[in-house]
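A.B. asks: need a 3D model of the following:
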Amino acid sequence: MNKTRSGIQTVVWTLLGLLAAGAVLLYACVLLAMASPEAPRAADCIIVPGAKVVGDAPSRSLQSRLDRAVALYHAGMGEAVIVCGGQGHNEARSEASVMRDYLVQAGIPQERIVVEDQSLNTRENLRFARRLMQAHGWQSAVIATSDFHAARTLATARQEGLTEVSIAKARYTWPGKYAAVLREGLSWVKFWMQSAGIWGK
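C.D. replies: Numbering: from 1, shown residues only. Predicted coordinates for the structure are as follows:
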């Protein structure tokens, strides 16, 4: 009995150790991706993937993406902005509608903002944004997103057929970044499973 119990404990601790090592590895990979240089290029439009909103205001993470998009627009990096994001179960409004209002207040004309308010995740953000690009005859895009989110966003964009695309990183400052980086690591696991056909797209 003692040998059996000892064997079970060994297996449990081994599994826990592997999970911990995997979590550390994922965390490190996201941090390395965050540190990679960006190379945003002027494009037909700017895409801003959604993130959490609180009432009528963007979260800190989303605000940093929007502020980067404002800077890109005024620098002539895109002639229009596509804001992406539907309404989450704990959100009073769609993310895209809150994003549009924020950009208008920041000086971007409303007619230069295209709202995509049906998507519920990064992949859908980009898939539906591509459809809007096709409808407007746009071929290229620069995506303004959080630094921790940038590498997976670019990889997903290419999978969704956005070949003429570049990334502009919005710096997301502490606190709260530890949790964001950990969530992003888990999202990479989902991305790899989708790429392998294990998890539906």
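A.B. asks: drop to CA atoms for contacts and neighbour counts, all remaining ones
C.D. replies: Fine.
A.B. asks: go ahead and flag the most central residue of this protein.
C.D. replies: Closest to where the C-alpha atoms of the chain average out (Cα atoms, centre = their mean) is H149, at 4.6 Å.
A.B. asks: now that one. Nearest residue, chain neighbours left out?
C.D. replies: E184 (6.8 Å; Cα to Cα, 6 or more residues apart in numbering).
A.B. asks: just E160 next, same as before
C.D. replies: R127 (5.8 Å).
A.B. asks: could you do K52 as well?
C.D. replies: Using Cα to Cα, 6+ apart, the closest residue to K52 is S59 (5.7 Å).
A.B. asks: give the burial count for that neighbour, as a bare number.
C.D. replies: The tally of other residues near S59 (other Cα atoms under 10 Å) stands at 15.
A.B. asks: residue boundaries of the helices in the protein?
C.D. replies: 2-35, 60-74, 95-105, 122-136, 150-159, 177-195 (DSSP state H).
A.B. asks: weakest of these by average pLDDT?
C.D. replies: Between the helices of the chain, the lowest average pLDDT goes to helix 2-35, which shows a mean of 55.
A.B. asks: what's next to stretch 127-143, contact-wise?
C.D. replies: Stretch 127-143 is contacted by residues 40-49, 77-78, 82, 84, 116, 119, 157, 160-168 when judged by Cα atoms under 8 Å, 6 or more residues apart in numbering.
A.B. asks: rewinding a little: from A151, how far out is the residue nearest to H149?
C.D. replies: E184 sits 10 Å away from A151, taking Cα to Cα, to the nearest Å as the criterion.
A.B. asks: and for S166?
C.D. replies: S166 is 10 Å from A151, by Cα to Cα.
A.B. asks: surely C45 touches G76?
C.D. replies: No: applying Cα atoms under 8 Å as the test, C45 and G76 come out as separate, 9.8 Å apart.
A.B. asks: which of the two has more residues huddled nearby?
C.D. replies: A count of neighbours by other Cα under 10 Å puts C45 above the other of C45 and G76, at 26 against 13.
A.B. asks: any idea how far the nearest residue to that one once chain neighbours are set aside is from G55?
C.D. replies: Distances taken as Cα to Cα, 6+ apart place G78 nearest to C45, at 4.3 Å, with adjacent residues excluded. Taking Cα to Cα as the measure, G78 falls 28 Å from G55.
A.B. asks: show me what contacts the residue nearest to K52?
C.D. replies: A51, K52, V53.
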